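Colleague: turn this into a structure:
(one chain, ligands or ions: 1)
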Amino acid sequence: MTSAPPPAIDFLTRPGQPLRGSLRVPGDKSISHRALMLGAIAEGDTHISGFLAGEDTHSTLGALAQMGVHVDRPEATELTVKGAGLYGLRAPAVPLYLGNSGTSARLFAGLLSGQRFDSELIGDESLSRRPMRRLVDPLTRMGATLSCTPSGMLPIRIRGGARLRGMEHELPVASAQLKSALLLAGLYAEGTTCVREPALTRDHTERMLDYFGCPVSFRDGLICVSPQPLFGRSVQVPGDISSAAFCMVAASIVPGSDLVLEEVGVNPTRSAVIDILRSMGADIEVRGKPLHAVEPVADIRVRHHPLRGIAIPENLVSIAIDEFPILMIAAAFADGVTRVSGAAELRVKESDRIAAMADGLQAIGIRSEPSADGITVYGGVSPGGVVNSHGDHRIAMSFAVAGLAAAGPVKATDCLNVDTSFPGFPAALRSVGGEIEVHAEGRDG
Ligand code: S3P
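Modeller: Predicted structure coming up:
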């Protein structure tokens, strides 16, 4: 049976009114994935509120269902995972299809390396082009039996029943997905598993393991776990700062804007985008709120303020990695030149984000010079234009924001994947005054 191809979706945004009011962005994608996975292998129930009901987290949910995990879901963003325990997952009958979701693929590779059954991980075209060797090699050194293609991509095939050994890993790249995969494999290994990262990355896995009763220790730059049973907990997922970043930049560059983003996660390993925007001159106020379980949360108020170009410090790259597309839009509307370097990982995201942004900036009349590991953006005036978002959610939303501040409309094509991380993005933007049209199969929406 062949299914119809999904409809093409384009966004058209126009310069117009200031963005005003308050907005709650959907739940954090990284935390939602982790709450599902840890909940599935914990003892007892895990109640999740503020869950991201997006395509990527549905990929994780679907894979867990294939492995026999029961989930009650009274509402799209509220669910209870019935924990199966560390060894309670069941062999999936089919390959696990993970769509566009790198986090699902990488974290499952670690988690499933320790199971007694065989499994296979597959994904969409974009995920099937992303690097997996970085994961397969260290897991193999731990004793796992798994393979990717000769070019280092999906499918990953995992043979169950391997005996994993804890060991020390020096990560070749700063990647929270890789770090998390190895820590999850460590729950099934004999002895202690430690990772050393070349630069700081998001620490949601460490925080959540600890919260679920599996202590994570930190010594001499090593992050270590030993096998421990996990216990189901309540997880209130904060708003995703990576989604909020689109609104922060929109409010900064659209004159007259004054926007409050409510209950956003401001974990210091995620919030560098605020520091970067502030160094560019943005007017951002962060009002701390009570923690959501183990994650810091705040309301973020952003008022329009002219931006200036800067050299983005390389030590902030790994803790703002998903925000670079929208930071390049901030740079496009800033006065002067913005330089990004040390960011080669951007080339292996859902699209090659350096190439996609350079092409898109050119299409809206902004000069940029891409390099192997970054880009230089020359701030200017954009007349608008038509941009291919390459099916990458963050490229699509970035250029939608550009259209709110350009001199003319911006059309971003191939925007369907926005639902992977920010379902309801057009409605959210409209609710605070943004002029956005959604064109699906030639019809306005
Ligand atoms: C994520 C880590 C990042 C990020 C991705 C989500 C995570 O990837 O780009 O969107 O949830 O761990 P890397 O760790 O590969 O840089």
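Colleague: three-state assignment of G342?
Modeller: Secondary structure, DSSP: H, G, I helix; E, B strand; the rest coil: G342 is coil.
Colleague: surely it meets V317?
Modeller: Yes: shown here, G342 and V317 form a contact pair, counting by Cβ atoms under 8 Å, at 5.1 Å. Using the backbone N, CA and C atoms, a C-beta is placed for each residue, glycine as well.
Colleague: in terms of packing, which of the two has more residues around it?
Modeller: Higher neighbour count among G342 and V317: V317, with 24 against 16, using other Cβ atoms under 10 Å.
Colleague: residues touching that one, list them.
Modeller: By Cβ atoms under 8 Å, 6 or more residues apart in numbering, V317 lies in contact with 174, 199, 324, 340, 342-343, 345.
Colleague: so it, which state does it fall into?
Modeller: Secondary structure assignment for V317 (three-state DSSP): helix.
Colleague: what of S180?
Modeller: helix.
Colleague: now do it against T103, distance only.
Modeller: According to Cβ to Cβ, to the nearest Å, S180 and T103 sit 8 Å apart.
Colleague: which parts of this structure sit against the ligand?
Modeller: Taking Cβ under 6 Å from any ligand atom as the measure of proximity, the chain contacts the ligand at 30, 103, 175-177, 180, 201-202, 321-322, 345.
Colleague: columns neighbour count and pLDDT on top of those, output as a markdown table?
Modeller: Below are the residues of the chain next to the ligand laid out as a markdown table (neighbours: other Cβ atoms under 10 Å; pLDDT from 0 to 100):
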| residue | neighbour count | pLDDT |
| --- | --- | --- |
| S30 | 27 | 98 |
| T103 | 22 | 98 |
| S175 | 24 | 98 |
| A176 | 25 | 98 |
| Q177 | 24 | 98 |
| S180 | 28 | 98 |
| T201 | 22 | 98 |
| R202 | 26 | 98 |
| I321 | 23 | 98 |
| D322 | 23 | 98 |
| E345 | 18 | 98 |
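Colleague: any chance of TSV for those, columns secondary structure?
Modeller: Formatted as TSV, those follow (three-state DSSP):
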residue	secondary structure
S30	helix
T103	helix
S175	coil
A176	helix
Q177	helix
S180	helix
T201	coil
R202	coil
I321	helix
D322	helix
E345	helix
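Colleague: what is the nearest of those to S421?
Modeller: Nearest to S421 among these: D322, at 8.6 Å, using Cβ to Cβ.
Colleague: now for the closest one: which residues touch it?
Modeller: Residues near D322 by Cβ under 8 Å, 6+ apart: 242, 245, 349, 394.
Colleague: ok, and the most crowded of these?
Modeller: A245 (32 neighbours).
Colleague: beyond the helix or strand harbouring that one, next helix or strand please.
Modeller: Element membership for A245 (DSSP states H and E) is helix 241-253. The element immediately downstream of helix 241-253 (helix or strand, assigned by DSSP H and E) is strand 258-265.
Colleague: just the CA trace of that following strand, in CSV.
Modeller: Once non-C-alpha atoms are left out, strand 258-265 reads as follows in CSV (Å, rounded to 0.1, in the frame of the first residue of the first chain):
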residue,chain,number,x,y,z
ASP,A,258,7.0,44.0,23.9
LEU,A,259,6.5,40.2,24.4
VAL,A,260,6.4,38.0,27.5
LEU,A,261,7.3,34.3,27.0
GLU,A,262,5.9,32.4,30.0
GLU,A,263,7.5,29.6,31.9
VAL,A,264,10.4,28.9,29.6
GLY,A,265,13.2,26.5,30.6
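Colleague: so how far is the helix or strand just after that strand off the chain centroid?
Modeller: Per DSSP H and E, the first helix or strand lying C-terminal to strand 258-265 is helix 272-279. Averaged C-alpha coordinates place helix 272-279 at 18 Å from its chain's average position (Cα atoms, centre = their mean, to the nearest Å).
Colleague: who does helix 272-279 touch, helix- and strand-wise?
Modeller: Where contact means 3 or more Cβ pairs under 8 Å, 6 or more residues apart in numbering; DSSP states H and E, helix 272-279 is packed against helix 241-253, strand 283-292, helix 324-332.
Colleague: comparing the ones you listed by mean pLDDT, which bottoms out?
Modeller: Confidence, taken as mean pLDDT, is least for strand 283-292 of the helices and strands packed on helix 272-279 (a mean of 95).
Colleague: which of the contacts of D322 sit farthest apart?
Modeller: Among those, the pair separated by the greatest distance (Cβ to Cβ) is A245 and K349, at 14.7 Å.
Colleague: all strands of the stretch 51-200 of the chain, in order?
Modeller: 70-75, 78-82, 96-97, 119-122, 145-147, 156-159, 164-165, 168-170, 189-190, 193-196 (DSSP state E, counting those that start in this stretch).
Colleague: export the ones you listed as JSON lines, with columns for mean neighbour count and distance to S398.
Modeller: Below are the strands of the stretch 51-200 of the chain laid out as JSON lines (neighbours: other Cβ atoms under 10 Å; distance: least, Cβ to Cβ, whole Å):
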{"stretch": "strand 70-75", "mean neighbour count": "12", "distance to S398": "30"}
{"stretch": "strand 78-82", "mean neighbour count": "19", "distance to S398": "30"}
{"stretch": "strand 96-97", "mean neighbour count": "20", "distance to S398": "27"}
{"stretch": "strand 119-122", "mean neighbour count": "21", "distance to S398": "28"}
{"stretch": "strand 145-147", "mean neighbour count": "17", "distance to S398": "35"}
{"stretch": "strand 156-159", "mean neighbour count": "21", "distance to S398": "30"}
{"stretch": "strand 164-165", "mean neighbour count": "18", "distance to S398": "40"}
{"stretch": "strand 168-170", "mean neighbour count": "15", "distance to S398": "33"}
{"stretch": "strand 189-190", "mean neighbour count": "18", "distance to S398": "40"}
{"stretch": "strand 193-196", "mean neighbour count": "22", "distance to S398": "31"}
